[in-house]
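K.L.:
The following block contains a protein sequence and its predicted model.
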Amino acid sequence: MSDTVLYEVRDRVAILTLNRPDRLNAWTGELEERYFELLDQAAADDDVVVIVVTGAGRGWCAGADMDALQGIGAGGGTNGGAVMRRQMLETTRIPKPVIAAINGACAGIGMAQALFCDLRFAAAGAKFTTAFARRGLIAEHGMSWSLPRLVGPAAAMDLLFSGRVVLAEEAAEIGLVNRVFPPDELLDGTLAYARELVEHSSPTSMRIMKQQVWGHLDQQLPAAADASDELMRASLRRADFTEGVASFVERRSPSFSPLSDAG
């Protein structure tokens, strides 16, 4: 079994660690296969409510492995260790919150994957770059869709055209990341946030909210509002609603149903 991505569960939070620290966790076909395999595993596990993705060593994911890219260029083709078989947007289909804990360099395909996580927390000083223009490429892996929705079209054009390095602090200012932590507090801070979701938030509610947010990005407001009204009526009939109200009145933590019981 590949150890290019490590997996553990703590307090109902699955932690996936990209594990090629000597290459700043650069993306390869092997890493990709194991990464999505473990995402699927976490998605299917009732004991997992939230998923956190981080990197071993100094990087989160420094982009596609350059050895693989050189092989592609030399062969003039598109087959190689860094070419995807599953799209980066697969993360949006995982029915649980996926949080990127970005501990270091986040570039190219690594940045594309981070953008399709639901939340991004970063270590102070972590470096972000789209990199594609500086490699003679285009906005790959859905980044031309995801990046403008986070930072706006003008800022997205700047980051794509220039390929310049953005530090975590600027990334937070423009909306690229949600929070910045001191480097030695990043994982603990991310896990503390994840445990809050585990303790207080309905897994079914979070699944549906995730579908709403990602799905409604391409809908007009009236259609999104109509769909939300229907979903709201369904939520009022669930046991989680009764439990959520009861736990508030009784001033205790809720005991929500597992995701597999949502129907």
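P.N.:
All right, it came through fine.

K.L.:
ranges for the strands of the chain?
P.N.:
5-10, 13-18, 50-55, 59-61, 98-102, 105-107, 119-123, 127-129, 166-167, 179-181 (DSSP state E).

K.L.:
which residues touch residue 144?
P.N.:
138, 156, 160 (C-beta atoms under 8 Å, 6 or more residues apart in numbering). All C-beta spots, glycine's among them, are computed from the backbone N, C-alpha and C.

K.L.:
which sections of the stretch 51-200 of the chain are below the confidence cut-off?
P.N.:
Scanning the stretch 51-200 of the chain with the threshold set as pLDDT under 70 gives 68-84.

K.L.:
let's see 50
P.N.:
The stretch 51-200 of the chain contains residues with pLDDT under 50 at 77-81.

K.L.:
Show me where it has its helices.
P.N.:
For the stretch 51-200 of the chain, helices defined by DSSP state H, counting those that start in this stretch occupy the ranges 66-75, 90-93, 109-115, 143-151, 153-162, 168-173, 186-200.

K.L.:
With respect to burial, which of the ones you listed scores highest?
P.N.:
Each of the helices of the stretch 51-200 of the chain was scored by mean neighbour count; the highest is helix 109-115, a mean of 26, by mean count of other C-beta atoms under 10 Å.

K.L.:
quick one: contacts of that helix?
P.N.:
Everything outside helix 109-115 that qualifies as a contact, by C-beta under 8 Å, 6+ apart, is 25-27, 60-64, 82, 84, 88, 91, 100, 102, 106, 120, 128-131, 140-143, 146-147, 150.

K.L.:
Just the buried residues out of those residues, in ChimeraX syntax.
P.N.:
Filtering these down to the buried ones (16 or more other C-beta atoms under 10 Å) takes a single ChimeraX command:
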select :25,26,27,60,61,62,63,64,82,84,88,91,100,102,106,120,128,129,130,131,140,141,142,143,146,147
